[in-house]
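Visitor: Sharing a model prediction with you, sequence too.
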Amino acid sequence: MKQVTIYTDGACSGNPGPGGWGAILMYKEQKLELSGYEAHTTNNRMELLAPIQALSRLKEPCEVSVYSDSAYLVNAFRQHWLDNWQRHNWVKSDKKPVENQDLWKKLLEYCNIHKIQWIKVKGHANNPYNNRCDELATGEIKKNYIKL
């Protein structure tokens with residue numbers, strides 16, 4: 001299997017509000033930057049959408065290391081929140097429905113295709129790839145959102 005590295009980040013101006021996401025895919029010496037915008041969203045949705053968009057670019061099953069500064073994203077996989085949510089019909093322990101189910105389900109589809117390792121990085125620190133993803137995400141907000 002090909003080994004791919006993905007860095008992701010999401011951002012929101014207000015929560016909810018206009019949001020952006022950024023991702024960097026790396027395979028051997030190749031690097032691809034991706035980013036996008038949504039007019040009305042949440043920070044958590046952008047954190048989930050970034051890896052979805054990056055994973056959607058892979059054309060065959062791969063071993064993927066996904067780096068994110070989102071505890072929400074990484075902990076859902078590493079601390080088995082998703083397993084519990086699915087087991088309890090997408091209802092959390094507080095009896096409320098899990099938010100962003102559509103995006104979580106899409107991520108789970110990619111987990112069935114690829115071997116994915118979810119890795120937490122410190123945000124706004126000295127990681128150049130995480131910082132670049134943040135620039136991509138916030139740049140989408142700046143370029144697409146006009147305050148009236």
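Guide: Great, that's in hand.

Visitor: can you give me the strands for the chain?
Guide: 2-12, 17-27, 30-41, 62-68, 115-120 (DSSP state E).

Visitor: will you turn those into JSON lines that also has mean pLDDT and distance to Gln101?
Guide: All C-beta atoms are positioned from the backbone trio N, CA, C, and that covers glycine. What follows is these, written out as JSON lines (pLDDT from 0 to 100; distance: least, CB to CB, whole Å):
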{"stretch": "strand 2-12", "mean pLDDT": "97", "distance to Gln101": "17"}
{"stretch": "strand 17-27", "mean pLDDT": "97", "distance to Gln101": "18"}
{"stretch": "strand 30-41", "mean pLDDT": "97", "distance to Gln101": "15"}
{"stretch": "strand 62-68", "mean pLDDT": "98", "distance to Gln101": "19"}
{"stretch": "strand 115-120", "mean pLDDT": "98", "distance to Gln101": "18"}
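
Visitor: can I get the ones you listed in CSV with mean neighbour count and distance to Lys142?
Guide: CSV is the format used below for these (neighbours: other CB atoms under 10 Å; distance: least, CB to CB, whole Å):
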stretch, mean neighbour count, distance to Lys142
strand 2-12, 24, 10
strand 17-27, 23, 8
strand 30-41, 15, 10
strand 62-68, 20, 21
strand 115-120, 15, 26
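
Visitor: As a markdown table, those with distance to Ser56 would be great.
Guide: Rendered in a markdown table, the data for the strands of the chain read as follows (distance: least, CB to CB, whole Å):
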| stretch | distance to Ser56 |
| --- | --- |
| strand 2-12 | 11 |
| strand 17-27 | 10 |
| strand 30-41 | 9 |
| strand 62-68 | 12 |
| strand 115-120 | 13 |
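
Visitor: what's the longest helix seen in the chain packed up against?
Guide: Determined from DSSP state H, the single longest helix within the chain is helix 128-144. Contacts defined by 3 or more CB pairs under 8 Å, 6 or more residues apart in numbering; DSSP states H and E place helix 128-144 against strand 2-12, strand 17-27, strand 30-41, helix 43-55, strand 62-68.
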